[in-house]
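Starting from these lines, generate the structure:
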Amino acid sequence: MSNELLHLKPNVRIQGLVNQFTAWLHTLSPVAGAMNLANLQIPMLDSYLQQPDVHVAAVANPRMKGGFFVNVDPSRLEEVRDLRDRILREERPLIELAEATKQAENLLRAQATGYDLTPLYDQLPRALRGYVELVYDVNNSPGLRFLEPVLYRSGYHREHRQSIDLSLDDGSEPPFILSTPRLPASGHLQLPLPLSHRGIDELFALRDKPRTFDEIREALEIDDEASARELRTLLTDEPYTPADRDVAGGGRVRYFGHACLVLQNATTSIVVDPLISSHHTAGDRFTYADLPEHLDYCLITHGHQDHVVLESLLQMRSRIGVVIVPRNGSGHRQDPSLRLCLESAGFAVKEVDDYDEIPFDGGTIVATPFLGEHCDLDIRGKSTYWIRLAGKTLFIGADSSGLDSSYYAGVREHVGPVDIAFIGMECDGAPLTWLYSHLFTQPVPRKMAITRKLSGSDAAQALGIVRELGASEAYVYAMGQEEWLQHIMATSYTPESYQLKQVAEFLDGCRARGTTAEHLLRHKELRW
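From the prediction side, this is the model:
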């Protein structure tokens, strides 16, 4: 056994996979995952197999960026076919769960007319028996309430579908995560490990605590020489630890890109919505190497794929104390539990509701209301945060929309004014069906879908938030412009884009009222 102590290279990246597709909330949650598989992924693979050239042309067209086209060279068509066939063969229970959900909703539409639902239980598809309750809301509209904790303990939660992909970040852009499966490739080490596997933590802990190659190989359960050789390319005998990872006194906020902030005082470190670049030689950004050795809290604002990012969370799990997530609405498939999802992936998780408070040494975290941005769907699993740190108060607004400024007046009334506000202004987001189409059991008319968007605040709404919070500084973030996250965001702006014009209008409005304001991109540091 070699006694050479090895570190993980700073530019290693990881993709969590479910059936070779990138893992996120809607592929990991049992019901949303079943419907994503049956209604999006399988039809998308079928479309590619029938017309691969159409997919190739669409991927090459900048105007189709973010479309649901498989970015795989046609020379690998048979590998895609094998993947599709394996999914159809091995994931039959999930496909049946999705079909049963559709059948049950058709049953309710036909027979649930405000009267007793008891007779309908015997008509439920067998795949749903024991996993749903039939309910009315107070307007007598019927629905299915899924028993989500039970589903996570059932055969519908299938860890054997999970795996990981390890590679080195050379600055190139991976394929779009919502559309393209990750097939085995040169320079990629794929391991059949569930996301909760502790070997993942031991691997990423190597950045600060080296181990021998044989110990690392054993932790990842690698027993073949080809995989062992791939693993060795991810390791180095040279540690990489930049200075200034910690704070001796006062407070500091570092902007890592998109909606990711790291807040620190001398004793506590907090990361929000981690989406971090691993391309450490780029020189224009903070990367994983700049994170403190321990993160007491990881705050998640909501469940979209650019805010719960497992390629970042898995790298950080070994150093995170607890993940703080908003409580969901319990039982609605469009609002899966972030707690259950992340616990199943091996994280320690705490749920919070509006105005729940978490004290820490030198400050306080308060969960505050999050309005809008979810296409008017009944989704409760979203939270902004008010944080007191080293004598200043910060508002972490993510994509919350200023549709009703009285929400933010309420924040100020309940927890106090804000010194620094971070506000997302992606104010013309994707339509309802872009992210949620797989969850519907009836077609959504296009005219309807395009009126309901994944939109944050426009200039007037953002100015209303700043005014009601009493903020003296305001920073626009979470715009999806950083080049290293385009495989997640698929955004494309020009100087004439409506969103950027609204940002400029907001900045002018802030200056007019004497508020310091800035549009953040790539990295920023605030100290006091």
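
Show me the helices in the stretch 151-300 of the chain, by range?
Under the criterion DSSP state H, counting those that start in this stretch, helices of the stretch 151-300 of the chain are mapped to 198-204, 213-219, 225-232.

Arg81 - how many residues pack around it?
A count of nearby residues for Arg81, using other C-beta atoms under 10 Å, gives 14. Where C-beta positions appear, they are placed from N, C-alpha and C, glycine not excepted.

for it, helix, strand, or coil?
helix (DSSP: H, G, I helix; E, B strand; the rest coil).

I'd say it and Tyr48 touch.
No - judged on C-beta atoms under 8 Å, Arg81 makes no contact with Tyr48 at a distance of 9.3 Å.

one step back: of the helices of the stretch 151-300 of the chain, give the one that comes closest to Gln15.
Gln15 sits nearest to helix 198-204 of all the helices of the stretch 151-300 of the chain, at 11.7 Å, using C-beta to C-beta.

for the closest one, packing partners?
strand 12-18, helix 213-219, helix 310-316 (3 or more C-beta pairs under 8 Å, 6 or more residues apart in numbering; DSSP states H and E).

Buried residues, it. List them.
Gly199, Ile200, Asp201, Glu202, Leu203, Phe204 (16 or more other C-beta atoms under 10 Å).

quick check, nearest of those residues to Ile358?
Asp201 (23.5 Å).

Could you check how far the residue nearest to Arg412 when sequence neighbours are not counted is from Arg319?
Spatial nearest neighbour of Arg412, excluding adjacent residues (C-beta to C-beta, 6 or more residues apart in numbering): Leu469 at 5.6 Å. Distance, Leu469 to Arg319, using C-beta to C-beta, to the nearest Å: 31 Å.

Compare neighbour counts for those two and give me the winner.
Comparing Leu469 with Arg319 by other C-beta under 10 Å, the one with more neighbours is Leu469, at 26 against 21.

so who does that one touch?
Contacts for Leu469 (C-beta atoms under 8 Å, 6 or more residues apart in numbering) come out as Phe395, Tyr408, Val411, Arg412, Pro417, Val418, Ala421.

After the helix or strand where the third one lies, which helix or strand is next?
Spelled out, that is Val411. Taking DSSP states H and E as the criterion, Val411 maps to helix 406-415. Per DSSP H and E, helix 406-415 leads on to strand 420-424 as the next helix or strand towards the C-terminus.

could I get the following helix or strand past that following strand in PDB with only the CA atoms?
Per DSSP H and E, the first helix or strand lying C-terminal to strand 420-424 is helix 432-436. C-alpha atoms of helix 432-436 as PDB (Å, rounded to 0.1, in the frame of the first residue of the first chain):
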ATOM      1  CA  LEU A 432     -45.100  27.600 -17.100                       C
ATOM      2  CA  THR A 433     -44.600  24.600 -19.400                       C
ATOM      3  CA  TRP A 434     -40.800  24.900 -19.700                       C
ATOM      4  CA  LEU A 435     -40.200  23.600 -16.200                       C
ATOM      5  CA  TYR A 436     -43.500  22.100 -15.200                       C
END
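
Now do the helix or strand that comes right after helix 432-436: everything it contacts.
Next in sequence after helix 432-436, counting helices and strands by DSSP H and E, comes helix 446-449. Contact with helix 446-449 is made by Pro431, Leu432, Thr433, as judged by C-beta under 8 Å, 6+ apart.

what's the average pLDDT for the helix or strand following helix 446-449?
Later in the chain than helix 446-449, the nearest helix or strand by DSSP H and E is helix 459-469. The average pLDDT within helix 459-469 is 97.

Equivalent analysis for stretch 503-518, please.
Mean predicted confidence for stretch 503-518 is 97.

cool, and stretch 313-324?
Per-residue scores along stretch 313-324 average to 97.

mind listing what's buried in it?
Going by 16+ other C-beta under 10 Å, stretch 313-324 has these buried residues: Leu313, Leu314, Gln315, Met316, Arg317, Ser318, Arg319, Ile320, Gly321, Val323, Ile324.

pLDDT below threshold where in the chain?
Along the chain, the parts satisfying pLDDT under 70 run over 1-2.

Return the residues in contact with Ile276.
Contact analysis of Ile276 by C-beta under 8 Å, 6+ apart lists Phe256, Gly257, Cys260, Phe286, Thr287, Tyr288, Leu291, Ser312, Gln315.

from those residues, which two are the most distant?
Farthest pair in the contacts of Ile276 (C-beta to C-beta) is Gly257 and Gln315. Separation: 14.6 Å.

what's next to the helix holding Val411, contact-wise?
355, 366, 368-369, 371, 384, 386, 395, 402, 418, 464-465, 468-470.
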